[in-house]
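Asks: build the 3D model from these lines:
(2 chains)
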Amino acid sequence: MDFSVLQFPGSNCDQDCIHVLRDVLGHQADYLWHKEESLGNADAIVVPGGFSYGDYLRTGSIAQFSPVMNAVKKFANEGGLVIGICNGFQILCETGLLPGALVRNRSLQFLCEQVYLKVPTQESPFTREIAMEEVIKVPIAHGEGCYFAADETLAKLKANDQILFQYASADGEITDEANPNGSMLNIAGICNEARNVCGMMPHPERASESILGEKDGLQIFEGMVLHFQGVPISKEEASAAC
Amino acid sequence: MKAKIVITPKKAVLDPQGKTVQAALEQMGYEGVTDVHVGKYLEVDLEGDDAEAWKPKIEEACHKLFSNPVIEDYEFTIE
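Replies: Take a look at the predicted model:
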């Protein structure tokens, strides 16, 4: 499988993503500069974390007008797999590929810590390999990760099962104490209605190797690969966990 | 000619900056401050003197770039 990892001025998690996709998963992964107008032969797009355009004006607000984003929008609308991580999530929201927006953490602090995430659905390329109701441990590193959406948008996200990751306690309880940044419904990640575009504030690429302490994040990339290869979602794991 | 644009967070959006500034005002002894919202102010220099012609363009830029309508409101004047 052929991944392209976008690079904007100020991206800083692009190399981590390339490393995980190439060296850990063993797939093709290449950088794609934001001025490119074509995605080439990419099978999936990663919009990495960082501070694109210095976070000027609003996080992700300038990046949405980079030439490459027109191609990403077209690719996503045709069903192509896109994952936005941290600043990538902010960019996808600004672009309109995902609903809602990310605003300043309620503590006003930049948070860099491990969090637990509950995964409410396996019905997406991104969560299909994570056992139902499993709690995964992945780090966050952001100042503006508080997810906000209007009430009708939140209702739609719930009704369509588009909430993929929620901040939770170690035993999977969705509580306010487990919510690091004030996100509505403890939302850490969502997908679009067609389920081919995912945005998440936590960094799965920083939790993909045992040597680094955690590898829960790898399942997200593995899910994308299996989806691309046309492997059906295994229901066994889901029922075993229930 | 200048467009002067004011962006403010929507009422429904958590505004921890505003709350922190409000707390500081209280700390300083100012009484009667009921709410504070921290937004942005932009000045955009424009060619010519046809404010009416610029209005729809600035409106569009406010909607697409200067603000995010999901979380922010805007208003502007051109003079």
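
Asks: give me the number of residues near residue 64?
Replies: Since you didn't name a chain, this refers to chain A. A:Gln64: 23 surrounding residues under other C-beta atoms under 10 Å in any protein chain shown. C-beta: built from backbone N, CA, C; applies to glycine.

Asks: chain B, not that one
Replies: 14.

Asks: could you measure from it over to chain A?
Replies: B:Lys64 sits 9 Å away from chain A, going by C-beta to the nearest C-beta, to the nearest Å.

Asks: surely that residue is in a strand?
Replies: No: using DSSP: H, G, I helix; E, B strand; the rest coil, the secondary structure at B:Lys64 is helix, not a strand.

Asks: can I take it that A:Lys73 is in a helix?
Replies: Yes: assessed by three-state DSSP, A:Lys73 belongs to a helix.

Asks: how about the helices in chain A?
Replies: Along chain A, counting by DSSP state H, helices occupy A:14-19, A:67-77, A:87-95, A:151-159, A:218-228, A:236-241.

Asks: and the next helix or strand past the lowest-mean-pLDDT helix or strand in chain B?
Replies: The helix or strand of chain B with the poorest confidence is helix B:16-27; it has a mean of 95 (mean pLDDT, DSSP states H and E). Remark: after helix B:16-27, the chain's next helix or strand is strand B:40-45, criterion DSSP states H and E.

Asks: just want the angle from whichever helix or strand comes after that following strand to strand B:40-45.
Replies: Later in the chain than strand B:40-45, the nearest helix or strand by DSSP H and E is helix B:51-61. Angle, helix B:51-61 to strand B:40-45, by axes from the mean of the first three to the mean of the last three C-alpha atoms, to 10 degrees: 140 degrees.

Asks: other SSEs contacting helix B:51-61?
Replies: With contacts defined as 3 or more C-beta pairs under 8 Å, 6 or more residues apart in numbering or on different chains; DSSP states H and E, helix B:51-61 has these neighbours: strand B:2-9, strand B:72-78.

Asks: okay, buried residues for that helix please.
Replies: B:54, B:58, B:61 (16 or more other C-beta atoms under 10 Å in any protein chain shown).

Asks: what average pLDDT does that helix get?
Replies: Over the span of helix B:51-61, the pLDDT mean works out to 97.

Asks: got the contact list for it?
Replies: By C-beta atoms under 8 Å, 6 or more residues apart in numbering or on different chains, the residues outside helix B:51-61 that reach it are B:1, B:3, B:5, B:44, B:46, B:48, B:76, B:78-79.

Asks: how does it look with 10 Å?
Replies: Here helix B:51-61 makes contact (C-beta atoms under 10 Å, 6 or more residues apart in numbering or on different chains) with B:1-5, B:42, B:44, B:46-48, B:66-67, B:74, B:76-79.
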